[in-house]
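Visitor: The sequence and its predicted three-dimensional model are supplied below.
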Amino acid sequence: MIDAGFAVEMARYNRWQNSQLDGFLEALPAEELSRDRGAFFGSILRTLSHLCWGDHIWLSRFDGGSPPPVGAGESVTYVTDLGGWRALRQTLDARILVWAEGLSDAALAGDLTWHSGAAGREVTKPLGLLTVHFFNHQTHHRGQVHAMLTATGSKAPVSDLFLMPA
């Protein structure tokens, strides 16, 4: 399905996107970050919080490291302000890159088994598929944040992969 190089490239892309996003978020007043905009998770900050939570839970499954200290029901309040988001995001992005750089094609061809709180049972799926899902989930929610940013009158990050610095 995918190879280890894809995972590293997507980890780099994720970090690049989040670092760009930070500047646009910093320019917004705090009330704009927390304003309910009718999106799935309501606000920019709640969407970013959920995305950090999602990355953290998947990473704990992928690398065996610590999971988030809160459950899925609290994913939208996992981070409560821009400074908290920034610190956690940088930590997660570094952890994602280390995990991706340690992946092998053989590992991606294998399965991952974990207990899914959402499904309420043990689940086994191909690691390659889960890796694609992981990066797709990031892109999906950053797209929502992009739309909410532009709704504030802000510009938003360039997201074209081919423009990512080498």
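Guide: Nice, I can see it. Residues are numbered from 1 along each chain as shown.
Visitor: At which residues are the strands of this protein located?
Guide: Along the chain, counting by DSSP state E, strands occupy 111-116, 121-126.
Visitor: For the nearest residue to residue 111 once chain neighbours are set aside, list each beta-bridge partner.
Guide: Leaving aside its sequence neighbours, residue 111 sits nearest to residue 124 (CB to CB, 6 or more residues apart in numbering; 5.1 Å). Heads up, the C-betas are built off the backbone N, CA and C, glycines and all. Beta bridges link residue 124 to residue 113, judged by DSSP bridges.
Visitor: Quick check: the gap between residue 30 and residue 55.
Guide: Remark: distance between residue 30 and residue 55 (CB to CB, to the nearest Å) = 23 Å.
Visitor: which one of these two has more residues nearby?
Guide: Higher neighbour count among residue 30 and residue 55: residue 55, with 24 against 10, using other CB atoms under 10 Å.
Visitor: you'd agree the more buried one is up against residue 96?
Guide: Yes - Residue 55 lies in contact with residue 96 (CB atoms under 8 Å); the separation is 6.7 Å.
Visitor: hmm, back to that, would TSV of the strands of the chain with distance to residue 49 be doable?
Guide: Shown next, in TSV, are those (distance: least, CB to CB, whole Å):
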stretch	distance to residue 49
strand 111-116	21
strand 121-126	24
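Visitor: Tell me which of the ones you listed is the most buried.
Guide: Among the strands of the chain, strand 111-116 has the highest mean neighbour count (mean count of other CB atoms under 10 Å), at a mean of 13.
Visitor: got the CA positions of that one in CSV?
Guide: This file holds the C-alpha atoms of strand 111-116, laid out as CSV (Å, rounded to 0.1, in the frame of the first residue of the first chain):
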residue,chain,number,x,y,z
ASP,A,111,-0.9,-5.7,11.2
LEU,A,112,-1.5,-3.7,14.4
THR,A,113,-3.8,-4.9,17.1
TRP,A,114,-5.2,-2.6,19.8
HIS,A,115,-8.2,-2.1,22.0
SER,A,116,-10.5,0.5,20.3
